[in-house]
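> 3D, please:
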Amino acid sequence: MDRLRKRADFLAAQRGVRAHARSFVLQSRSRGDDAGPRLGLTVTKKVGTAVERNRIRRRLRAMVRQEADRIPPGFDYVVVARRDAINAPFAELAREFARTLSRVHAGDRRSHPGTATPARTGEDRDER
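Next up is the predicted model:
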């Protein structure tokens, strides 16, 4: 699986559909081609020290690798880590990823946490 490297690709995924889990947020967008999926990871300093952030990155990469056969081509994904990702059992991470992936592709548009929500664009926001 290829990686997202450019800021513009991360921002495009952010504007796509997202699904929330306890340990991470999955952001997704369709590229409109049949090339393989691409993945980006975001683990901010708010999550923990450098050692903790690196451990979370390794766990999230392994989680995605384990579920790679379920990931359809032609999409970009960004996994935004939450603090819970460091202590969650790996099996739970994998289950959450499978669940959020299916919600992203099911087009579930409910807006409460734990479900897929479309990202808000400038046109959707109330002007103040």
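
> how far out from the middle of the chain is stretch 59-74?
11 Å (C-alpha atoms, centre = their mean, to the nearest Å).

> Grab the CA positions of it and hand them over as PDB.
Extracted in PDB, the C-alpha atoms of stretch 59-74 (Å, rounded to 0.1, in the frame of the first residue of the first chain):
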ATOM      1  CA  ARG A  59       0.400  -0.300  15.800                       C
ATOM      2  CA  LEU A  60      -1.800   1.600  13.300                       C
ATOM      3  CA  ARG A  61       0.400   0.500  10.300                       C
ATOM      4  CA  ALA A  62       0.200  -3.100  11.500                       C
ATOM      5  CA  MET A  63      -3.600  -2.800  11.900                       C
ATOM      6  CA  VAL A  64      -4.000  -1.500   8.300                       C
ATOM      7  CA  ARG A  65      -1.600  -4.200   7.000                       C
ATOM      8  CA  GLN A  66      -3.700  -6.900   8.600                       C
ATOM      9  CA  GLU A  67      -6.900  -5.600   7.000                       C
ATOM     10  CA  ALA A  68      -5.300  -4.800   3.600                       C
ATOM     11  CA  ASP A  69      -7.400  -7.300   1.700                       C
ATOM     12  CA  ARG A  70     -10.600  -5.500   2.700                       C
ATOM     13  CA  ILE A  71      -9.400  -2.100   1.500                       C
ATOM     14  CA  PRO A  72     -10.800  -1.200  -2.000                       C
ATOM     15  CA  PRO A  73      -8.600   0.400  -4.600                       C
ATOM     16  CA  GLY A  74      -9.000   4.000  -5.800                       C
END
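
> tell me which residues of that stretch are tucked away?
Judged by neighbour count (16 or more other C-beta atoms under 10 Å), stretch 59-74 contains these buried residues: Arg59, Leu60, Met63, Val64, Ile71. To be clear about C-beta, it is placed using only N, CA and C from the backbone, and glycine gets the same treatment.

> With secondary structure and pLDDT as extra columns, can I get those residues in JSON lines?
What follows is the buried residues of stretch 59-74, written out as JSON lines (DSSP: H, G, I helix; E, B strand; the rest coil; pLDDT from 0 to 100):
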{"residue": "Arg59", "secondary structure": "helix", "pLDDT": "96"}
{"residue": "Leu60", "secondary structure": "helix", "pLDDT": "96"}
{"residue": "Met63", "secondary structure": "helix", "pLDDT": "94"}
{"residue": "Val64", "secondary structure": "helix", "pLDDT": "94"}
{"residue": "Ile71", "secondary structure": "coil", "pLDDT": "92"}
